[in-house]
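Participant: when you get a sec, could you give me coordinates for this:
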Amino acid sequence: MEPDKILEIFFEKYPAEKYPKNTLILNQEDEPEGMYYLTGGYVRQYAKSPKGEILYLHVFRPGSCFPMMWLLTDVKHRYFYEAITPVSVKKAPAEAVMKLMDRHPEILEYFTERLLLGMNGLLTRLESLVLDTAYTKTALLFIFFARMFGKREGKKVYIDIPLSHQQIGTWIGTARETATLAAEALRRKGFIRYRNRRYDIPDLSALEKEISASRLL
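Facilitator: Numbering: from 1, shown residues only. The predicted model follows:
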């Protein structure tokens, strides 16, 4: 049986909790109640400085578990988890999840793989934050969201979560005004469109080629 199916069956006995959009699910200072299993909606993970500055780290989609690093290591939990959309979450005690991994070693392998993939994505973002222009970073962000949350229709990809200029700025580490200029430049060139409070990408491959070209300048 595939690991994601094992997890789905394991969490069936736990009740689902509902969180409205923009609700904090797990605070930086909270001790996690166990492993959280996302059954519906999207959740963002972020860090916040003492001055209130926010750095987005990751977005979880249905079928994801968090916080895995807290569960699998001695690292203290220190991040925020917030609902981007209305969310449904199930929680299992850490002890129960550890017993599940004893019975099914493939679950530990699955969690480790997910952590490494997440780390790879974070390192790629860090490289981009340091080395790329705001224009390229914004384009890369749209590609990331298209791959993670996009609904494809031919060449076109609809990004099915809200994304404001302020959020774009937070994701790429710039001021909102800079993010606005970069997003508008992409829109004017026809690489992205904004309709009904959602973005879509008319041709994902064209946007990918634009990034390659911009990095050669």
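Participant: run through who's touching the helix or strand hosting residue 187.
Facilitator: The secondary structure element spanning residue 187 is helix 176-188 (assigned by DSSP states H and E). Surrounding helix 176-188, the residues in contact under the criterion Cβ atoms under 8 Å, 6 or more residues apart in numbering are 134-135, 137-139, 142, 165-166, 168-169, 172, 174, 192-194, 207. C-beta here means a position set from N, CA and C on the backbone, and glycine is covered the same way.
Participant: and what of stretch 163-174?
Facilitator: Contacts to stretch 163-174, defined as Cβ under 8 Å, 6+ apart, come from residues 46, 54-56, 128-129, 134, 137-138, 141, 145, 175-180, 182-183, 198-199.
Participant: quick one: buried ones out of those residues?
Facilitator: Buried members of the contacts of stretch 163-174, scored by 16 or more other Cβ atoms under 10 Å, are 46, 54, 56, 128, 134, 137-138, 141, 145, 178-180, 182-183, 199.
Participant: for stretch 94-114, measure first residue to last.
Facilitator: Between the opening and closing residues of stretch 94-114 lies a distance of 18 Å (Cα to Cα, to the nearest Å).
Participant: which other residues reach it?
Facilitator: Stretch 94-114 has contacts (Cβ under 8 Å, 6+ apart) with 3-4, 6-7, 10, 32, 34-35, 64-65, 68, 71-72.
Participant: next SSE after the worst-scoring helix or strand of the chain on mean pLDDT?
Facilitator: Least confident helix or strand of the chain, by mean pLDDT, DSSP states H and E, is helix 105-131 with a mean of 82. Using DSSP H and E, the helix or strand that follows helix 105-131 in sequence is helix 134-149.
Participant: please consider this matter closed, and thank you.
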